[in-house]
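Asks: Sharing a sequence plus its predicted fold:
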Amino acid sequence: MAFQQALSGLNSSSKAIDATSHNIANSSTVGFKASTAHFGDVYAASLAGAGASQIGIGVNLAAVQQQFTQGNITSTNNPLDISINGAGFYRMDQNGATTYTRNGQFHLDKNGFIINDQAMQLTGYPAQAGIIVPTTPQPLQISASDLAPQATGLNASSTFNGIKANLNFDSRSTVPASPWVNGGAAGSVGAYTPDPQTYNYSTALSIYDTLGNAHTMTYYFRKTAAAGQWEVYANVDGTTNQNITPGGGPMGTLTFGTTGAITAGNPMNVSVNMLGIMQSLGQPAGNGAQAVQAFPVDFTGTTQFGSAFGTNRLEQDGYAAGHLVGLSVGSDGIIQGRYSNGQTFAQGQIVLANFTNPNGLQALGNNQWSESSSSGAPLVGAPNTSSLGVLSSSTVEESNVDLTAELVNLITQQRNYQANAQSIKTQDQVMQTLVNLR
């Protein structure tokens with residue numbers, strides 16, 4: 001009779017309405033993935049086998065499948081709001097239990113761990129001295145400690161040590177007055193005293209001692225009578241250039257060829273007597289920094305052309321101490337700490353996990369899933385590697401629910417429910433007719 005078929009249809013339509021209503025309710029839930037109800041027809045088992053006249057006995061709910069399609073990306077003002085563009089899930093830890101989510105709304109707890117609204121900790125690769133160390137993923141913790149200072153020329157992790165200067169000397173410059181009294185030889189009458197009449201150009205930059213104190217190192221460039229030669233003098237904090245070795249005379253001499261490129265004198269290896277400088281500044285005992293700092297001054301790329309003097313590049317590898325002022329997350333998941341001294345320092349790297357069958361994950365609520373035998377083992381790696389997506393900071397992934405489509409589905413399932421109810425009504429009328437036969 002039609003009662004059984006219609007009743008199964010009512011149940012199935014009710015489940016479909018439940019699934020659609022669940023989608024609509026979560027249309028604003030960050031990282032939510034919409035579900036679709038799948039149905040299958042039902043036939044009674046028959047010993048006689050199938051036949052052309054076989055009639056089914058209704059419908060059942062075969063499965064409720066989530067659709068792991070990409071949601072829209074929306075900007076926010078929180079740098080720890082992070083969205084995934086592509087495949088993958090965040091790996092969360094709660095007292096050793098691992099869950100997975102697409103909701104990237106994170107913040108810091110009082111201990112510096114990156115957590116979600118349920119206090120689950122985001123996991124990833126830790127950083128050691130600013131270097132990411134791929135290992136077993138662990139909860140990511142942001143260090144609030146000050147960044148230690150780095151002395152000029154002593155930065156072993158830098159792409160260069162010391163000072164890099166890229167300048168252009170005007171080949172049309174004239175030879176200035178001699179810096180030495182009575183035309184004496186360089187260094188024969190004591191330290192060089194800067195006088196605008198004795199040099200052509202000057203420039204300066206800050207260098208740092210081992211405690212992060214800034215010192216101004218000033219360079220003076222003097223054209224000589226020899227073709228293509230420029231003497232380089234320097235002092236630190238305005239003190240005598242005898243605190244620089246080689247001192248007294250020029251720190252070195254750059255020689256340029258007929259094409260304007262350096263042919264000799266580069267780089268210049270110098271030593272700065274920090275103790276002597278501090279004593280000259282009225283600190284006899286020094287400031288506790290390393291007494292002498294040695295580093296190269298690299299003039300690679302410096303030229304002598306028939307154009308005005310210019311400073312194209314002037315940089316060094318030291319910096320002062322700094323405190324954490326902000327965080328940023330790259331597309332590769334590396335969390336960079338930004339410090340008050342202008343430096344950035346890697347604090348860790350977020351990892352993602354993907355599954356061969358995401359629909360096999362067990363939904364736990366609160367935007368969390370757990371691994372199951374149906375999902376397969378997690379494939380863990382850094383963002384933007386293998387099949388894993390890329391991350392975007394200060395954004396969230398919206399729910400992938402298409403609200404218009406869900407409202408249409410709701411109308412459709414309502415009609416299906418009404419039609420199945422009509423089948424029951426019709427069967428009831430047939431039964432009433434049979435009962436009334438005499």
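Replies: That came in fine, so what should we check first?
Asks: so what's A204 up against?
Replies: 216-219 (CB atoms under 8 Å, 6 or more residues apart in numbering). Quick note: C-beta positions are derived from backbone N, CA and C, even for glycine.
Asks: Sort out which of these are in strands and list them.
Replies: 216-219 (DSSP state E).
Asks: low-confidence ranges in the stretch 101-250 of the chain?
Replies: For the stretch 101-250 of the chain, the stretches flagged by pLDDT under 70 are 156-158, 180-190.
Asks: So which residues of it form helices?
Replies: With DSSP state H, counting those that start in this stretch, there are no helices along the stretch 101-250 of the chain.
Asks: where does the spatially closest residue to N416 that is not a sequence neighbour land in three-state SS?
Replies: Using CB to CB, 6 or more residues apart in numbering and skipping the chain neighbours, the partner closest in space to N416 is S13 (4.4 Å). The assignment at S13 comes out as helix when based on DSSP: H, G, I helix; E, B strand; the rest coil.
Asks: now the longest helix along the chain, how far from the centre of its chain.
Replies: Assignment by DSSP state H gives helix 403-435 as the longest helix of the chain. Its chain's average C-alpha position is 54 Å from that of helix 403-435, according to CA atoms, centre = their mean, to the nearest Å.
Asks: residues contacting L361?
Replies: Residues counted as contacts of L361 (CB under 8 Å, 6+ apart) are 100, 355, 369-372, 375.
Asks: hang on, the earlier thing: is it possible to export the contacts of A204 to a markdown table including distance to S75 and neighbour count?
Replies: A markdown table is the format used below for the contacts of A204 (distance: CB to CB, whole Å; neighbours: other CB atoms under 10 Å):
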| residue | distance to S75 | neighbour count |
| --- | --- | --- |
| T216 | 42 | 12 |
| M217 | 43 | 20 |
| T218 | 46 | 16 |
| Y219 | 46 | 21 |
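Asks: Now flag whichever of those residues is closest to G326.
Replies: T216 (28.3 Å; CB to CB).
Asks: List just the nearest of the contacts of L361 to Q316.
Replies: Y100 (45.7 Å).
Asks: For the closest one, which non-adjacent residue is closest in space?
Replies: F89 (3.8 Å).
Asks: nearest residue to the residue nearest the centre of the chain other than its sequence neighbours?
Replies: Central residue of the chain (CA atoms, centre = their mean): G330, 2.0 Å from the mean position. Leaving out its chain neighbours, the residue that sits closest to G330 by CB to CB, 6+ apart is Q336, at 6.8 Å.
Asks: Which elements pack onto the host helix or strand of the one you found?
Replies: Taking DSSP states H and E as the definition, Q336 sits inside strand 334-339. Secondary-structure packing of strand 334-339 (3 or more CB pairs under 8 Å, 6 or more residues apart in numbering; DSSP states H and E): strand 324-329, strand 344-350.
Asks: from the middle of its chain, how far away would it be?
Replies: Distance, stretch centre to chain centre, for strand 334-339: 7 Å (CA atoms, centre = their mean).
Asks: so what strands line up beside that strand?
Replies: Here strand 334-339 has these sheet partners by DSSP bridges: strand 324-329 (antiparallel), strand 344-350 (antiparallel).
Asks: any idea where the strands of the stretch 51-200 of the chain begin and end?
Replies: Ranges of strands in the stretch 51-200 of the chain, per DSSP state E, counting those that start in this stretch, are 58-66, 73-75, 82-85, 89-94, 97-101, 107-108, 114-115, 121-128, 131-132, 138-139, 163-170.
Asks: G365: which of those strands is closest?
Replies: Once the strands of the stretch 51-200 of the chain are compared by CB to CB, strand 97-101 is nearest, at 10.3 Å.
Asks: contacts for the closest one?
Replies: 31, 89-92, 116, 120, 123, 353, 361, 364, 367-371, 378.
Asks: Any of those residues buried? List them.
Replies: Buried members of the contacts of strand 97-101, scored by 16 or more other CB atoms under 10 Å, are 31, 89-92, 116, 120, 123, 353, 361, 367-369, 371, 378.
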